[in-house]
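Q: 3D model of this:
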Amino acid sequence: MNAHHKSKSGPPEFSRAIENLIANFRGLPEDETSSKRRQTTDLSSIIDELLVKYRISHNLLEDTIREKWPELVGAANASYSHPLVVERQQLIVLVSHAVVRNELFHHQSAILEKVHKLPGCAKIKGVTLRIGWPFLVNFRQRNRANPA
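A: Numbers count the residues shown, from 1 in each chain. Model (predicted):
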């Protein structure tokens, strides 16, 4: 019976009992934890899993919508509005002027149809318009990307 086995790369791995025997022989503290030894996992594969799980990527749904926003609502309306985020299958849009908000409100169904044609946006169920200042969102995003 072989007391140890050799890993694919590196020194041989021993059982916990043998590790503790060697530690005791060398005057080192024994490992009394009940944790199991696990194979190491490549960090890049873990990061890839997290990117998928938490929807962190360069091709976010919101980025796709922001990129196409002037085509979806027209250049004039796009300059006074900003698609902020998709929450609970609702596209949240900040609008800085009541007139533009009213215009977008009346064209919600047409905007939603155009949004559904974008890749990955078919699950969006509605558009929620909020009064806000889109230019402040753009200003904050630029300052985060390029801190002074």
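
Q: got the contact list for A23?
A: Contact analysis of A23 by C-beta atoms under 8 Å, 6 or more residues apart in numbering lists 29-31. All C-beta spots, glycine's among them, are computed from the backbone N, C-alpha and C.

Q: Report the mean confidence score over whatever helix or strand it lives in.
A: Per DSSP states H and E: A23 is located in helix 16-26. Averaged across helix 16-26, pLDDT comes to 86.

Q: for stretch 98-112, same thing?
A: What stretch 98-112 shows for mean pLDDT is 95.

Q: Quick one: buried ones out of the contacts of A23?
A: Neighbour-count burial (16 or more other C-beta atoms under 10 Å) is assigned to none of those.

Q: between those residues, which is closest to H107?
A: D31 (66.4 Å; C-beta to C-beta).

Q: Next one: the closest residue in space to H97 that isn't next to it in sequence from P119, what distance?
A: The shortest distance from H97 to any non-neighbouring residue, by C-beta to C-beta, 6 or more residues apart in numbering, is to Y80 (5.0 Å). As defined by C-beta to C-beta, to the nearest Å, Y80 lies at a distance of 26 Å from P119.
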